[in-house]
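S.K.: dropping a prediction and its sequence here:
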Amino acid sequence: MVIVKCQAIWSGFQGAPGYTNMYAISDGDAPAAANALGTRMRAFFQACAVMLPAVATVKVQRAYQVLEATTGNITSEGNLTADPAVVTGSSSVAYSGASGAAISWETGLYNAAGHRVRGRTYLVPLSNVYEPNGTLATVSSAAIEAAAANLLGGLGGIGVFTRPSGPATSDGNFRLAVSARVSDKAAVLRSRRD
């Protein structure tokens, strides 16, 4: 199976840069799948811009990679047809550079060990999204879930890429995500690579 990987880079705040990687199945046409994924990623971040601190920017990169899912090897690279515009946060409320929200991408499937196959995307930092008790506000969680639902549809879909267990193995896997869930618990990153 062949998948495409698009990356967005977060910058402009203490602790930057941050990276968001997303994967989609190529459906036999990697450039079309990458362009569709890049467009949906940019629309997702734009929908979340009101929750991003005004100093933060998110840029979906024009370059993408094509991977073989079982080995994780890069088989080719390319560029999106159009360079996605930078998304700039619009919240001027004070924020914590290490906290935000986490999206759980649910596949509805289980691996051989009986564990649920799911992925996570962190949105950190976020601003003006918390309740007085420190949890995410219901309206914020709902807005992120709605934006995430738009990532699920379209050419290629998005999914969870499980990396191979070692450099000489071919036990990697890709599963399409069928839903997205955002907990009301604030997510905290210990490093920008989480």
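M.R.: Perfect, thanks for sending it.

S.K.: show me where this structure has helices.
M.R.: 30-47, 138-152 (DSSP state H).

S.K.: may I see the buried residues of the shortest one?
M.R.: What that stands for is helix 138-152. 140-141, 143-144, 147-148, 151-152 (16 or more other C-beta atoms under 10 Å). Bear in mind the C-beta positions are built from the backbone N, C-alpha and C, glycine included.

S.K.: just the CA trace of that helix, in PDB.
M.R.: Extracted in PDB, the C-alpha atoms of helix 138-152 (Å, rounded to 0.1, in the frame of the first residue of the first chain):
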ATOM      1  CA  THR A 138     -17.300  22.300  25.200                       C
ATOM      2  CA  VAL A 139     -17.700  24.800  22.400                       C
ATOM      3  CA  SER A 140     -13.900  24.600  21.700                       C
ATOM      4  CA  SER A 141     -13.900  20.800  21.600                       C
ATOM      5  CA  ALA A 142     -16.900  20.800  19.300                       C
ATOM      6  CA  ALA A 143     -15.300  23.300  16.900                       C
ATOM      7  CA  ILE A 144     -12.100  21.200  16.700                       C
ATOM      8  CA  GLU A 145     -14.100  18.000  16.100                       C
ATOM      9  CA  ALA A 146     -16.100  19.700  13.400                       C
ATOM     10  CA  ALA A 147     -12.900  20.900  11.700                       C
ATOM     11  CA  ALA A 148     -11.400  17.400  12.100                       C
ATOM     12  CA  ALA A 149     -14.400  15.800  10.500                       C
ATOM     13  CA  ASN A 150     -13.800  17.700   7.300                       C
ATOM     14  CA  LEU A 151     -10.300  16.100   7.200                       C
ATOM     15  CA  LEU A 152     -11.800  12.600   7.100                       C
END
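
S.K.: where does the chain dip in pLDDT?
M.R.: Along the chain, the parts satisfying pLDDT under 70 run over 191-194.

S.K.: residue ranges of the strands in it, please?
M.R.: For the chain, the strands defined by DSSP state E cover 2-11, 18-25, 57-68, 74-79, 87-88, 99-110, 116-123, 159-162, 173-176, 179-182, 187-188.

S.K.: give me the helices and strands touching the fifth one, please.
M.R.: Using 3 or more C-beta pairs under 8 Å, 6 or more residues apart in numbering; DSSP states H and E as the contact criterion, the elements in contact with strand 87-88 are helix 30-47, strand 57-68.

S.K.: neighbouring contacts of that strand?
M.R.: 42, 45-46, 48-49, 52, 54, 56-59 (C-beta atoms under 8 Å, 6 or more residues apart in numbering).

S.K.: pairing partners for that strand, with directions?
M.R.: strand 57-68 (antiparallel) (DSSP bridges).
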